[in-house]
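Participant: Prediction below, plus the sequence it came from.
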Amino acid sequence: MKILVTGANGQLGREIARQGRGHELLLTDADTLDITNGEAVNSYFSAIKPQVVIHCAAYTNVDGAEVDLDRAFRVNVVGAQNIAAGCLEAGARMVYVSTDYVFDGEIQEPYREFDPVNPQSVYGHTKWQGEEMVRQILGRHFIVRTAWLYGDGNNFVRTMLKLAQTNDTLRVVHDQVGTPTSTVDLARAIFKLVSSNAYGTYHATCQGQCSWYEFACEIFRQSGSEVKVIPVTSEEFVRPAKRPKHSVLDNYMLRMTVGDPMREWQEALCEYLNFKSHTE
């Protein structure tokens, strides 16, 4: 397949590139394709005629979006609109990568794909509006919501390991619960979807759940670090954007259609830490 990847320099984009080597990949970033420019997108799509577009590009600075609303809207909403319109004209299928932030995190059960959304931040609102743009414009789409992603790039795992080098004690939030998700597993799920015609909205996270505090403890346990981790509340780390307190996603539609390839989060983390140690 001829696959166009936006946001190819991001964590997920890099993993998509690794796993997609058997396909004809067209990797773009903000320098090679301005997704907020509709004319530029249309011209690019007309020239290359992709069969599939995996749209990883996004404004992901959750706190920054609270003060830079216009930029977040242009990238996450107008950008999604432009990419979906380009796919429609080119006859391409589209993967739109979304987020657990479309939910408010107020229920204690895992969210399924058809549960009501209620974003509590500018970032969450713009990602939901981006989803809606894709739904309205393009029938052949896969909207894939994920959470707590880590891979090749800056992420929570690398931050914790770096802080452990200079700190004996770390304070980590214990009242926000979700599922750490490896880009390896997410990319695998995306390729399963694009090989099918099972269009629609999906959740794709690793299995299980934990708090950020429990995630940090497991990182240090697996990496052999003796740093002490102290659980604290969200109120002790006030941030501009509200975070969902309980944003565990249920991969219900994956199980019902193409099958759920996602591993337990601890297993995926172990692979990531082993790979990271061998590449440093």
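Facilitator: Arrived safely, thanks for sending.

Participant: Break down this structure into its strands, ranges please.
Facilitator: Secondary structure of the chain, counting by DSSP state E: strands at 2-6, 24-27, 52-55, 93-99, 141-146, 149-150, 169-173, 177-178, 181-182, 200-203, 210-211, 228-232.

Participant: so which of these gets nearest Gly64?
Facilitator: strand 93-99 (14.9 Å; C-beta to C-beta). (C-beta placed from N, C-alpha, C; glycine too.)

Participant: tell me the angle of that closest one relative to strand 141-146?
Facilitator: Angle, strand 93-99 to strand 141-146, by axes from the mean of the first three to the mean of the last three C-alpha atoms, to 10 degrees: 20 degrees.

Participant: Now strand 93-99: buried residues?
Facilitator: Arg93, Met94, Val95, Tyr96, Val97, Ser98, Thr99 (16 or more other C-beta atoms under 10 Å).

Participant: Over to stretch 69-77?
Facilitator: So for stretch 69-77, counting by 16+ other C-beta under 10 Å, buried means Ala72, Phe73, Arg74, Val75, Asn76, Val77.

Participant: Test for you: state the pLDDT assigned to the residue nearest to Thr36 when sequence neighbours are not counted.
Facilitator: Nearest in space to Thr36, with sequence neighbours left out and distances taken as C-beta to C-beta, 6 or more residues apart in numbering, is Arg74 at 4.6 Å. pLDDT recorded at Arg74 is 98.

Participant: Surely Arg74 is in contact with Asp34?
Facilitator: No: look at Arg74 against Asp34 with C-beta atoms under 8 Å: they stay out of range, at 9.9 Å.

Participant: ok, of the buried residues of strand 93-99, which one's closest to Asn9?
Facilitator: Closest to Asn9, out of all of the buried residues of strand 93-99 and judged by C-beta to C-beta, is Val97, at 14.3 Å.

Participant: Bridged to that closest one, which residues?
Facilitator: Beta-bridge partners recorded for Val97 (DSSP bridges): Val144.

Participant: Now do the same contact list for it.
Facilitator: Shown in contact with Val97 (C-beta atoms under 8 Å, 6 or more residues apart in numbering): Leu12, Ile54, His55, Cys56, Ala58, Val144, Thr146.
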